[in-house]
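Visitor: give me a model of this one.
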Amino acid sequence: MSVKIFIDGQEGTTGLKILERFEGRTDVEIMKISEDKRKDTEERRRFINNSDFTFLCLPDAAAREAVSLVENDRVRIIDASTAHRTLDDWAYGFPELSAAHREKIRTSNRVAVPGCYASGFASLVYPLVSKGIIPADYPVVAHAISGYSGAGKKAIAVYESEDKPQEYFSPRQYALPQEHKHLPEMMKICGLDYKPVFNPLICDFFSGMVVTVPIITRLLDKKYSLSDIHGALCEHYADAKLVKVMPIMGEGVLADGFLAGNTLSCKNNMEIFVCGNDERVVLCSRLDNLGKGASGAAVQCLNIMMGIDETTGLV
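Guide: Purely as a prediction, here's the structure:
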């Protein structure tokens, strides 16, 4: 028997990518709202309450409004916006972080899908904080490059236009005032006492990203080597199906010394790299901002909530 799924915001990038991941599946029935009704509050209310699962692929305010429309307590919401990611009564949709995260996703009626940058950041920082390797008050810094697909329809149109401004051919830094919308999520989910310094760059490729966190080992509470940190991450993700810790750089990995941001474009997995030396460790998480960083993660959460193989439709 199939479950009924409604995607509120199905015309946006994330909604369309979720639909792609349902192609060929017979265990789900997609409820399609009429184009002229997709912003009609009462019609959205009807679709939400007649669904088994509703995905929210909306701006924050619209996502909050959508949740307020729920009247059927059996409806399970999977929200891809920023609106609910730091709320304690919502499950955080990154099952690989811990058994507790996975169980809360499985049993909850409210799941907040992580942000793309936050997914890469948490994949590196959460395990090391939870194991006591990185102290909660460590001055964390993160750098990230991302494809332009996460910048919204208007920016995508500029990047793909024939008269693209010269500056768009270059990586462009943004969020320089240190008020990026993912910062509260990064801090809370990872158990940090302070927000990290976050330096994101949007680049001239469609999708994919690398989030990088450098660790100065002399600032840690005790001495950890490169191998110690690599081993801790390998242990944490030993049973993960969609997250893989790569061998230490120099052991047949990245033979040319370059780590590209678009390698996992259109894929749903994540790769973690541990590089550097015993004094200066460089942690990198590579993923697709539209896959494990958005729609792939949303479908993974759905699968867990349905009680089926979490990789269904994702590999």
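Visitor: run the chain-centre distance for whatever helix or strand Leu19 lives in.
Guide: Assigned by DSSP states H and E, Leu19 falls within helix 13-21. Averaging C-alpha positions (C-alpha atoms, centre = their mean, to the nearest Å) puts helix 13-21 14 Å from its chain's average.
Visitor: equivalent analysis for stretch 273-288, please.
Guide: Distance, centroid of stretch 273-288 to centroid of chain: 19 Å (C-alpha atoms, centre = their mean).
Visitor: tell me the buried residues in that stretch?
Guide: Phe273, Val274, Cys275, Gly276, Val281, Val282, Leu283, Cys284, Ser285, Arg286, Leu287, Asp288 (16 or more other C-beta atoms under 10 Å). For every residue, glycine as well, the C-beta is placed using N, CA and C.
Visitor: and the closest residue to Lys17 other than its chain neighbours, what does it touch?
Guide: If the residues on either side of it in the chain are set aside, Lys17 comes closest to Ser295, at 3.6 Å by C-beta to C-beta, 6 or more residues apart in numbering. Listed by C-beta atoms under 8 Å, 6 or more residues apart in numbering, the contact set of Ser295 reads Thr14, Gly15, Lys17, Ile18, Glu20, Arg21, Ala80.
Visitor: could you pull out the strands for the stretch 201-315 of the chain?
Guide: If DSSP state E, counting those that start in this stretch is used as the criterion, the strands of the stretch 201-315 of the chain fall at 209-216, 243-245, 270-276, 280-287.
Visitor: quick one, the last one and strand 270-276 angle?
Guide: Meaning strand 280-287. 160 degrees (axes from the mean of the first three to the mean of the last three C-alpha atoms, to 10 degrees).
Visitor: who does strand 280-287 touch, helix- and strand-wise?
Guide: helix 116-130, strand 209-216, helix 226-236, strand 270-276 (3 or more C-beta pairs under 8 Å, 6 or more residues apart in numbering; DSSP states H and E).
Visitor: given it, what are its sheet partners and their directions?
Guide: Here strand 280-287 is paired, per DSSP bridges, with strand 209-216 (antiparallel), strand 270-276 (antiparallel).
Visitor: nearest to Pro127, of those?
Guide: Nearest to Pro127 among the strands paired with strand 280-287 is strand 270-276; the distance by C-beta to C-beta comes to 9.4 Å.
Visitor: quick check: mean pLDDT of the closest one?
Guide: Averaging pLDDT along strand 270-276 gives 96.
Visitor: same question for stretch 288-307.
Guide: 97.
Visitor: for it, buried residues please.
Guide: In stretch 288-307, counting by 16+ other C-beta under 10 Å, buried: 288-306.
Visitor: just to revisit the earlier point, would you reformat the helices and strands packed on strand 280-287 as a markdown table and include distance to Val140?
Guide: Converted to a markdown table, the helices and strands packed on strand 280-287 look like this (distance: least, C-beta to C-beta, whole Å):
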| stretch | distance to Val140 |
| --- | --- |
| helix 116-130 | 6 |
| strand 209-216 | 7 |
| helix 226-236 | 14 |
| strand 270-276 | 16 |
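Visitor: please pick the buried ones from the contacts of Ser295.
Guide: Of those, these count as buried by 16+ other C-beta under 10 Å: Thr14, Gly15, Lys17, Ile18, Arg21, Ala80.
Visitor: the buried residues of stretch 288-307 in helices, which ones?
Guide: Using DSSP state H, Gly296, Ala297, Ala298, Val299, Gln300, Cys301, Leu302, Asn303, Ile304, Met305, Met306 are the members of the buried residues of stretch 288-307 that sit in helices.
Visitor: residues contacting the closest residue to the fourth one other than its chain neighbours?
Guide: Closest residue in space to Val299, ignoring its immediate chain neighbours: Arg21 at 4.7 Å, by C-beta to C-beta, 6+ apart. Taking C-beta under 8 Å, 6+ apart as the definition of contact, the neighbours of Arg21 are Asn268, Ser295, Gly296, Val299, Gly313, Leu314.
Visitor: which one of the residues you listed sits closest to Tyr148?
Guide: Ser295 (16.5 Å).
Visitor: buried stuff in the least confident helix or strand in the chain by mean pLDDT?
Guide: When each helix and strand of the chain is scored by mean pLDDT, DSSP states H and E, helix 153-159 comes last, with a mean of 92. Neighbour counts over helix 153-159 (16+ other C-beta under 10 Å) mark Ile156, Tyr159 as buried.
Visitor: with stretch 73-89 instead?
Guide: Those would be Val75, Arg76, Ile77, Ile78, Asp79, Ala80, Ser81, Thr82, Ala83, His84, Arg85, for stretch 73-89 by 16+ other C-beta under 10 Å.
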